[in-house]
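Novice: just coords:
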């Protein structure tokens, strides 16, 4: 049935056998009718699909004006095309608020003469809609046949959904449970539709103008499919939209499987890159196959959990949503991530929860990761000390840029300047090194340092003096103070104990 042949409220009004008349809401007579259904419930909307004519003897209609208006507004919000009231049975007096709501919203309220049974109206509607039954069944079969496209044709997700829109008669939108993109190339709902996101996957599927259905994935509901009837099209109904949701679920599952396979390969490649066992040409070929750009810059990041291991789920989800190729590898309490450098990666790192993130300076595809790893570790240590979620190498730390890149030289600096203090702390369960570092980072301010460490200022003075005695460095002398500070920076850079 085309939109020109669609059954409307006005069509039923013109039927001499039904003898219907308009009580209110005459401006909505052009509303289409998909079915006629009897309901005596105060709220039948959870069981409606939209465009129904609701017929009632009036048992569920409230008696006061405000409740009558609320009853009618619920039906209109659910997409009901008209309300038909049986004359001379249980309909209470219709209040002014009810009639005004019908006129302002344009939802027709009809009078059904007592001699006309509701079954006669239902039969009239069914007969008028009979030509559209075949069209709906055909749409269902065609959409169901889209499963063949997934195996026989090399279509991307956007093209699959473009075809589904043409077949189903709906504009299709997909989003996560939080309203974020879920499938690449598929539109996300606008603010109006996002306001209709159900509180539970078990909520009724009907929304104004169409349907919203959960998209299942391994582990539970991954998001929602919105189907909004297209102007001038013949929407295929709920069964068609359910088939579309199945296609969306399969696409999501396939993409997740592909992504997990690439992540496993990526973890192996990143381990070899961090181990320095891949030649640059081999590294570039591997990274290109895993989706990282041959041209352009990369960045290496390190995540350390605020309490225990870093939870990578939040970061990986944001990288997926940003459609950023990435390599991930966990090594003990650190999570390494290699991604294209840029604003998208920075935003993903900034939004990480329950972890500190440090990212290296940009590097070229195929470059050694020895220095970027050191830079990222330096940055994550600085992020932890500053209480920030994410820092980039060199940010808030201009002095560290001038340290040598030779790890052995840094090790030697740490051992020569701080070695005795490290050994003392380990042997006596002391905190001399932490105390000195905190004092220096707070610009030698005794009161704030003592507060940060939870100690008395006299204890702070004792620890600083004891550090000087053990290391032979007088922190009151500029040259020796500077040497200790650079050794502390070197220690953080290479991740040595202390």
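Specialist: Nice, thanks for sending it over. Computed from a predicted model, the values in this text were never measured in an experiment.
Novice: next one, pLDDT for the spatially most central residue of the chain please.
Specialist: With the centre of the chain defined as its mean C-alpha position, the nearest residue by C-alpha atoms, centre = their mean is residue 180, 3.9 Å away. In this model, residue 180 is scored at 85, pLDDT.
Novice: contacting residues for the nearest residue to residue 466 once chain neighbours are set aside?
Specialist: Nearest non-adjacent residue to residue 466, counting by C-beta to C-beta, 6 or more residues apart in numbering: residue 432, 6.1 Å away. For glycine as for every other residue, the C-beta is placed from the backbone atoms N, C-alpha and C. Residue 432 makes contacts with 421, 424-425, 463, 466-467, 470, as judged by C-beta atoms under 8 Å, 6 or more residues apart in numbering.
Novice: if we can go back for a sec, test my guess that the residue nearest to the centre of the chain contacts residue 322.
Specialist: No. Under the criterion of C-beta atoms under 8 Å, residue 180 makes no contact with residue 322, lying 10.0 Å away.
Novice: determine the longest helix present in this protein.
Specialist: Using DSSP state H to define each element, the chain has its longest helix at helix 238-275.
Novice: next SSE after that helix?
Specialist: Downstream of helix 238-275, the next assigned helix or strand under DSSP states H and E is helix 280-289.
Novice: now the angle from that following helix to helix 238-275?
Specialist: Helix 280-289 runs at 170 degrees relative to helix 238-275, counting by axes from the mean of the first three to the mean of the last three C-alpha atoms, to 10 degrees.
Novice: which residues does helix 280-289 contact?
Specialist: By C-beta under 8 Å, 6+ apart, helix 280-289 touches 269, 273, 278, 294, 298, 327, 365-367.
Novice: thinking again about what came up before, now the residue nearest to the centre of the chain. Nearest residue, chain neighbours left out?
Specialist: residue 321 (5.4 Å).
Novice: spit out the contact partners of the one you found.
Specialist: 176, 180-181.
Novice: before we move on, what about residue 207?
Specialist: Neighbours of residue 207 in contact, by C-beta under 8 Å, 6+ apart: 79, 193, 196, 226.
Novice: now with 6 Å, please.
Specialist: Counting by C-beta atoms under 6 Å, 6 or more residues apart in numbering, residue 207 makes contact with residue 196.
Novice: got it, and residue 421?
Specialist: 432-433, 467, 470-471.
Novice: so where's the stretch 301-450 of the chain shaky on pLDDT?
Specialist: Where the stretch 301-450 of the chain drops to pLDDT under 70, the residues are 307-311, 394, 396-407.
Novice: quick one, grab the pLDDT at residue 138.
Specialist: 51.
Novice: find me the pLDDT at the closest residue to residue 28 other than its chain neighbours, would you?
Specialist: Distance criterion C-beta to C-beta, 6+ apart; nearest residue to residue 28, sequence neighbours excluded, is residue 106 at 3.5 Å. Note on residue 106: pLDDT of 95.
Novice: in a strand, that's where residue 15 is, yeah?
Specialist: No. Under DSSP: H, G, I helix; E, B strand; the rest coil, residue 15 sits outside any strand and is assigned coil.
Novice: quick one: it from residue 86, how far?
Specialist: 17 Å (C-beta to C-beta, to the nearest Å).
Novice: what of residue 484?
Specialist: Using C-beta to C-beta, residue 484 is found at 92 Å from residue 86.
Novice: who has more neighbours, those two?
Specialist: More neighbours surround residue 484 than the other of residue 484 and residue 86, with 22 against 19 (other C-beta atoms under 10 Å).
Novice: show me what contacts the more buried one?
Specialist: Counting by C-beta under 6 Å, 6+ apart, residue 484 touches residue 473.
Novice: what helix or strand does it sit in?
Specialist: helix 478-494.
Novice: buried set for that helix?
Specialist: If you call a residue buried by 16 or more other C-beta atoms under 10 Å, then helix 478-494 has these buried ones: 480-481, 483-494.
Novice: for that helix, give the mean pLDDT please.
Specialist: Averaged across helix 478-494, pLDDT comes to 84.
Novice: equivalent analysis for stretch 54-62, please.
Specialist: pLDDT averaged over stretch 54-62 gives 93.
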